[in-house]
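1. everything below, folded, please.
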Amino acid sequence: MTSGILVFLAVAAIQVQAQKAKSPTTAPPLRTNSVDNFAVESFLNTGTSGSIIVTGPCKKGPYGDGVLTDLVSIPDPAGFKRIDETLDNLSGVSDHYAWTRQNDGLVQLKDNRATAPLLRLELQRVELTKVVNLEDAIDRLLAATEVKAFLDRNHIALEPVFDGGSMWNEKMTRQLSKSRTAPKYSLTLTKVTVEEALNSAVRTFPGVWVYYECPGQINLISRGGFSPSSKK
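-> Numbers count the residues shown, from 1 in each chain. Purely as a prediction, here's the structure:
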């Protein structure tokens with residue numbers, strides 16, 4: 001029996017709005033959303049870099065396969081100014097979701113049902129030369145020899161993702177790669193896990209990478225990440 005994963009490369013108490021004197025307070029209206037969409041919106045709306053790891057049943061679509069994450073009813077993420085608030089809200093809805101913040105500020109939201117073995121895979125050496133954006137960096141990391149061997153060994157398919165965001169990212173990557181004036185960055189990583197390598201990418205190109213898994217396939221997508229970071 002084979003195992004598989006689908007990888008794509010995107011809170012506190014409900015706030016209330018004070019009304020006029022003697023008027024009751026009103027909580028923001030709830031909005032039904034998928035966990036992955038809510039999380040990606042939260043990261044992008046608050047300008048937060050990091051990662052999202054989610055899982056669910058596989059779904060079939062006319063433009064590529066994906067993962068069905070949980071539907072939750074929570075306030076619109078656009079109503080929150082801090083990632084802490086949005087992710088605390090999500091964590092309060094289900095015990096499956098928890099978030100953490102690294103010392104350097106990167107935030108991770110993880111579904112504890114996700115096994116994510118690919119992210120623990122160690123890469124001996126990865127050279128990213130003249131990378132133009134986060135999408136470019138992720139594509140090259142997933143082309144590593146160790147990643148291909150892992151997928152073959154475990155009979156897992158790394159499926160392409162054909163949604164509007166990923167297609168726009170691919171188009172932007174091609175344009176930047178051909179440009180003579182676009183900034184290009186090089187990075188060499190040794191003895192790092194796939195997860196550590198992906199985090200290095202979002203430190204250079206602020207954004208969020210999203211890992212989805214379901215039995216038999218993997219997808220990894222990115223959102224944001226087009227402005228190089230000033231941090232080293």
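2. next helix or strand past the helix or strand of the chain with the lowest mean pLDDT?
-> Lowest on mean pLDDT, DSSP states H and E among the helices and strands of the chain sits helix 164-178, with a mean of 66. Next helix or strand after helix 164-178 toward the C-terminus (DSSP states H and E): strand 185-193.
3. which strands and helices sit next to that next one?
-> Strand 185-193 sits against strand 122-131, helix 194-204, with contacts defined as 3 or more C-beta pairs under 8 Å, 6 or more residues apart in numbering; DSSP states H and E. Bear in mind the C-beta positions are built from the backbone N, C-alpha and C, glycine included.
4. what's stretch 138-157 in contact with?
-> Residues from elsewhere that reach stretch 138-157 (C-beta atoms under 8 Å, 6 or more residues apart in numbering): 2-5, 9, 117-118, 121-124, 126, 128, 131, 158, 173, 194, 197-198, 201, 209, 216-218, 220-222.
5. give me the buried entries from the residues you listed.
-> 4-5, 9, 118, 121, 123, 126, 128, 131, 158, 173, 194, 197-198, 201, 209, 216-218, 220-222 (16 or more other C-beta atoms under 10 Å).
6. out of the helices and strands packed on strand 185-193, nearest to residue 59?
-> Residue 59 lies closest, by C-beta to C-beta, to one member of the helices and strands packed on strand 185-193: helix 194-204, at 23.7 Å.
7. what is that closest one packed up against?
-> strand 50-55, strand 122-131, helix 134-142, strand 185-193, strand 207-214.
8. mind redoing it with 6 Å?
-> With contacts taken as 3 or more C-beta pairs under 6 Å, 6 or more residues apart in numbering; DSSP states H and E, helix 194-204 sits against helix 134-142.
9. avg pLDDT for the helix it packs on?
-> Averaged across helix 134-142, pLDDT comes to 90.
10. buried residues, the helix or strand following that helix. List them.
-> Downstream of helix 134-142, the next assigned helix or strand under DSSP H and E is helix 145-153. Across helix 145-153, burial judged by 16+ other C-beta under 10 Å covers 147, 150-151.
11. so where's this structure uncertain?
-> Of all residues in the chain, those with pLDDT under 70 make up the ranges 1-28, 62-64, 160-170, 177, 183, 226-232.
12. which one of the helices and strands packed on strand 185-193 lies closest to residue 92?
-> Using C-beta to C-beta, the helices and strands packed on strand 185-193 put helix 194-204 closest to residue 92, at 25.8 Å.
13. residue 61: how many residues sit nearby?
-> 10 (other C-beta atoms under 10 Å).
14. can you get me a residue count around the closest residue to residue 188 other than its chain neighbours?
-> Nearest residue to residue 188, sequence neighbours excluded (C-beta to C-beta, 6 or more residues apart in numbering): residue 127, at 5.1 Å. Using other C-beta under 10 Å, residue 127 has 11 neighbouring residues.
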